[in-house]
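Undergrad: give the three-dimensional model of this entry:
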Amino acid sequence: MPASPNSAEAILKRLEWTVIRKLDGLLQGDYRTLFRGFGLDLADLREYQAHDDVRHIDWNVTARTQVPHVRVYNEDREVTAWFLLDLSPSVDFGSGPVTKREVLAEFAAVIARLLTRQGNKVGALLYDGINLYTVPPGGGRIHVLHLITRILANPRLLRAPKTDLGVFLAKAGAVIKRRSLVFVVSDYVGVPGWEKHLAMLTRRHEVLAVRLIDPMDVAMPDIGLLPFEDAETGEQLFVDTGDRSFRKRFLAAAEAHEAAVFAAFAAAGSDVLELSTADDLVDAIRRFADLRKASRTLSGGGAIPPHLSDGIRPMEAAT
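TA: Reported below is the predicted structural model:
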């Protein structure tokens, strides 16, 4: 019996053909170097150079020789990646044929498959605003299928308390012990204050905040009288989108929210990749590749430019 179009096997096969196959050609294998491991074993000492990470300076040797020296490490090639997936009711929104949840699932599936193809391990924490589910780290295609199945099987709640992402991130910090590559995938709609917990994760791990957005999050078209429902509280009201003053107020509120969210990312010191429900996933992964390479190039302490391309918001590290 052929797999259902919505089954994990069918989804992964489609992504392998439409996304991963294209990436193999477009990036010409570059993505294989994007998921490098974290240096753990001291290999050597040498004099400091301008591009070196100041965190690797050996202050004892520097004081003794009066010349700055840095530690050189043997790199642990194996990467363990964790996907922190916000599956609260607000991610079920989509103004077009694609919802934020579908974007979340496809992004996680593609990155997980790219990682496991190189012998790395991936795990996930799924949070629906009430319950926390864990997929322990594993490798191989079968494990990626298990991850996709778990995302698809997570119940879609019609009602939930306003999402407290800070609680989710704090629980994740307690679960993830070893230094890892962490993707925090959310629309970042909910209780403010999550940036403190994101900053704690960023200090211990290599973190990328992946923000899910929809075109109607930032602009309201004139499409007449519409019923609106808060995805998390269930509150309903009718809105006349033809009212120009309403659209103006909506735009002002959306811009204020955008500013607050990115101020929070800046406070946390986290790079950001935006994924829209209108995005092409191949382009999104290429933006991710650009972000990884730029962050690596600038790891010696130089200021990170305010943007590299549309949908990427690398944040300058706090001094």
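Undergrad: what does stretch 10-17 rub up against?
TA: Residues from elsewhere that reach stretch 10-17 (C-beta atoms under 8 Å, 6 or more residues apart in numbering): 3-4, 105-106, 109-110, 113, 141, 144-145, 148, 152, 281. Every residue, glycine included, has its C-beta placed from N, CA and C.
Undergrad: what residue is smack in the middle of the chain?
TA: The C-alpha lying nearest the average C-alpha coordinate of the chain belongs to V210 (C-alpha atoms, centre = their mean; 2.8 Å).
Undergrad: just checking: what are the partner strands of the strand or helix carrying R211?
TA: Under the criterion of DSSP states H and E, R211 resides in strand 206-213. Sheet pairing here is set by DSSP bridges, and for strand 206-213 it gives strand 181-186 (parallel), strand 271-276 (parallel).
Undergrad: next one: the last one to chain centre, how far?
TA: Spelled out, it's strand 271-276. 7 Å (C-alpha atoms, centre = their mean, to the nearest Å).
Undergrad: helices of the stretch 151-300 of the chain, residue ranges please.
TA: 165-175, 195-204, 215-218, 244-268, 281-297 (DSSP state H, counting those that start in this stretch).
Undergrad: format those helices as CSV; extra columns: distance to I130 and mean pLDDT.
TA: Below are these laid out as CSV (distance: least, C-beta to C-beta, whole Å; pLDDT from 0 to 100):
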stretch, distance to I130, mean pLDDT
helix 165-175, 10, 95
helix 195-204, 18, 93
helix 215-218, 23, 84
helix 244-268, 23, 86
helix 281-297, 29, 76
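Undergrad: dump those to JSON lines, plus distance to Y48.
TA: Shown next, in JSON lines, are these (distance: least, C-beta to C-beta, whole Å):
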{"stretch": "helix 165-175", "distance to Y48": "32"}
{"stretch": "helix 195-204", "distance to Y48": "23"}
{"stretch": "helix 215-218", "distance to Y48": "45"}
{"stretch": "helix 244-268", "distance to Y48": "28"}
{"stretch": "helix 281-297", "distance to Y48": "18"}
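Undergrad: so which of those comes closest to V182?
TA: Between V182 and the helices of the stretch 151-300 of the chain, the shortest gap by C-beta to C-beta is with helix 195-204, which sits at 6.1 Å.
Undergrad: what is that closest one packed up against?
TA: In terms of contacts (3 or more C-beta pairs under 8 Å, 6 or more residues apart in numbering; DSSP states H and E), helix 195-204 is packed against helix 165-175, strand 181-186, strand 206-213, helix 244-268.
Undergrad: closest to W194 out of the ones you listed?
TA: Among those, the nearest to W194 by C-beta to C-beta is helix 165-175 (3.9 Å).
Undergrad: so where is the chain shaky, pLDDT-wise?
TA: 1-5, 25-43, 73-77, 158-161, 221-235, 237-238, 240-242, 292, 295-319 (pLDDT under 70).
Undergrad: do a quick rundown of the strands in it.
TA: Taking DSSP state E, the strands of the chain run over residues 39-47, 69-75, 80-86, 121-127, 132-138, 181-186, 206-213, 225-229, 236-240, 271-276, 312-313.
Undergrad: now those as a markdown table including distance to A289?
TA: Output for the strands of the chain, formatted as a markdown table (distance: least, C-beta to C-beta, whole Å):
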| stretch | distance to A289 |
| --- | --- |
| strand 39-47 | 21 |
| strand 69-75 | 19 |
| strand 80-86 | 15 |
| strand 121-127 | 18 |
| strand 132-138 | 23 |
| strand 181-186 | 14 |
| strand 206-213 | 12 |
| strand 225-229 | 37 |
| strand 236-240 | 40 |
| strand 271-276 | 10 |
| strand 312-313 | 10 |
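Undergrad: do you know which of those lies nearest R55?
TA: strand 69-75 (9.1 Å).
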